[in-house]
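> the sequence and its predicted three-dimensional model are supplied below.
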Amino acid sequence: MIKSMTGFGKAMVQLPERNISVEVRILNSKQLDLNVRYPSMYREKEHEIRALAGQIVQRGKTDIFINTEDTGLAASHSINHELAAGYHGELKKLAERLGVSEPADFISLLVRMPDVVKSSSEEISDREKVALMQAVKEALLKADEFRRNEGLVLAADLKNRVQKIDTLFAALEPFEQSRMDQVRDRIRRDLLSVNELKIDENRFEQELIYYLEKIDVNEEKVRLTKHISYFIDTLSNDESAGRKLGFVAQEMGREINTIGSKANDASMQQLVVEMKDELEKIKEQVLNIL
């Protein structure tokens, strides 16, 4: 069954030292456009996360957000004294240059400087690495399931529209023979209106057949029937079918346009316009399919 291009999935995992949450959001895109946001301590897992996302998502603008919340358990902190002393020296020089006194709360200022305080919670265990990847995979699979469910809705809508085209297409048939008869009568009437013109019936029929063949739409009808059947089969059988359905819709458009140009009949052209309208809606929806 087909899938939608859009999807959303969320997963959480709880560990003694921290909670990990993963969100996946997928939007329309012709290619895989992957953006991963994560705490710096998970940098080593980025390649693995991207590989997993590419395998499951395939196509789409994909954002993966990984957030953590420390529980406070098994966490300890250490202060980089040398780095803090270096910051203090530079701040003291700056204060002297500006002619201001050293702030009373310089200690609280120093501990907020980059890399002065280091938490042991920034180091991840093998167990946490496994839990992280499990959460990422779960969120991706939930997003994929979201796409499947949305795909069911899209498939039903597309099937309904292509069946409407088929119904309109079938409605052309009653007008075809009457159109041929009208063309034959009109040409004969125009010729007879010319005074003293004698008509060679054999030659007249030959020329008439040649003309009628030019406006005959039987070949287009056969091809359009095949395209409609293939479109419906693809909806049922192919998961990643967006591009294929787009190509089939284009071919359907070619045949419908040719029928319209050959119609030479107001009633047939009206049906063709309605078919084109449905086809445009199909093309818009196909863009939302993986």
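Yep, it's here. Numbers count the residues shown, from 1 in each chain.

> tell me what residue 11 is bridged to.
For residue 11, the beta-bridge partners under DSSP bridges are residue 22.

> next, count neighbours for residue 22.
Residue 22 is flanked by 25 other residues according to other CB atoms under 10 Å. Yep, even glycine has a C-beta here, placed from its N, CA and C like the rest.

> and it, what does it touch?
10-12, 64-67, 135-136, 138-139 (CB atoms under 8 Å, 6 or more residues apart in numbering).

> which among the residues you listed count as buried?
11, 64, 66, 135-136, 138-139 (16 or more other CB atoms under 10 Å).

> which of these fall in helices?
Mapping the buried ones among the contacts of residue 22 onto helices (DSSP state H) picks out 135-136, 138-139.

> tell me which two of the residues you listed sit farthest apart.
Using CB to CB, the pair of these lying farthest apart is 136 and 138, separated by 7.4 Å.

> give me the common contacts of the two.
11, 22.

> in CSV, list the ones in helices among the buried ones among the contacts of residue 22 along with pLDDT and distance to residue 1.
Converted to CSV, these look like this (pLDDT from 0 to 100; distance: CB to CB, whole Å):
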residue, pLDDT, distance to residue 1
135, 97, 27
136, 97, 25
138, 97, 21
139, 97, 21
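
> closest to residue 284 among those residues?
residue 139 (29.1 Å).

> where along the stretch 51-200 of the chain do the helices fall?
For the stretch 51-200 of the chain, the helices defined by DSSP state H, counting those that start in this stretch occupy 81-98, 106-111, 126-170, 173-192.

> tell me the most buried of those?
Using mean count of other CB atoms under 10 Å, the stretch among those with the largest mean neighbour count is helix 126-170, at a mean of 17.

> tell me how far that one lies from the chain's centre.
10 Å (CA atoms, centre = their mean, to the nearest Å).

> same deal with stretch 259-269?
So, by CA atoms, centre = their mean, the centroid of stretch 259-269 is 35 Å from its chain's centroid.

> and stretch 244-259, by the same measure?
20 Å.

> quick one: buried residues of it?
Going by neighbour count (16+ other CB under 10 Å), the buried part of stretch 244-259 is 244-245, 248-249, 252-253, 255-256, 258-259.

> what would those look like in TSV with pLDDT and distance to residue 274?
TSV is the format used below for the buried residues of stretch 244-259 (pLDDT from 0 to 100; distance: CB to CB, whole Å):
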residue	pLDDT	distance to residue 274
244	92	25
245	94	21
248	95	19
249	96	16
252	96	14
253	96	14
255	95	15
256	95	10
258	92	16
259	91	12
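
> any chance of the residues you listed in CSV, plus secondary structure and distance to residue 266?
Output for these, formatted as CSV (DSSP: H, G, I helix; E, B strand; the rest coil; distance: CB to CB, whole Å):
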residue, secondary structure, distance to residue 266
244, helix, 35
245, helix, 32
248, helix, 29
249, helix, 26
252, helix, 23
253, helix, 21
255, helix, 20
256, helix, 17
258, helix, 18
259, helix, 14
